[in-house]
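Undergrad: the following comprises the amino acid sequence and a computationally predicted model.
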Amino acid sequence: MIFGKVTGTVVSTQKSDSITGTKYLLVQLCDHREKLKNGYIVALDLVGAGPGEMVIIAQGSSARQTDMTYQKPIDAVIAGIVDLVEEDGVTVFSKS
């Protein structure tokens, strides 16, 4: 799993017919403390994430293991919205 921060939306009027009613988001990679890294991923949003939220991304074959993405041409999905990250008993990120 990978941490990222939602920075925008990707609009594609032409896409695989097997993927309908979904949105793609532009996600900038970050660490577990929300420090931004170089690099972006376009990910299918499965959880209703919004701009500025820290998210968890699954990539590769793991991205194709959900009911919505099974055996479909998907390489990255947003699998969760991060509320809190603790490291060694200390909160290092909090959504609030």
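TA: Looks like it arrived, so ask away.
Undergrad: give the contact list for Ile81.
TA: In this structure, Ile81 makes contact with 47-49, 53-56, 95, judged by CB atoms under 8 Å, 6 or more residues apart in numbering. (Each C-beta comes from the backbone N, C-alpha and C, glycine too.)
Undergrad: and it, how far from Gln28?
TA: Distance from Ile81 to Gln28, counting by CB to CB, to the nearest Å: 15 Å.
Undergrad: cool, and Val10?
TA: Relative to Gln28, and taking CB to CB, Val10 is found at 13 Å.
Undergrad: what about the closest residue to Ile2 other than its chain neighbours, how many residues close to it?
TA: Closest residue to Ile2 apart from its sequence neighbours, by CB to CB, 6 or more residues apart in numbering: Ile57 at 4.4 Å. Around Ile57 there are 21 other residues, counting by other CB atoms under 10 Å.
Undergrad: in its sheet, what does the helix or strand where Ile57 lies sit against?
TA: Element membership for Ile57, per DSSP states H and E: strand 54-59. When pairs are called by DSSP bridges, strand 54-59 turns out to pair with strand 2-10 (antiparallel), strand 76-81 (antiparallel).
Undergrad: mind listing what the most centrally placed residue in the chain touches?
TA: Centrality entry for the chain: nearest residue to the mean C-alpha point is Ile78, 2.9 Å, by CA atoms, centre = their mean. Residues in contact with Ile78 (CB under 8 Å, 6+ apart) are 6, 25, 27, 43-47, 49, 55-57.
Undergrad: what do you get if the cut-off is 6 Å, keeping everything else the same?
TA: Going by CB atoms under 6 Å, 6 or more residues apart in numbering, Ile78 touches 43, 45-47, 49, 55, 57.
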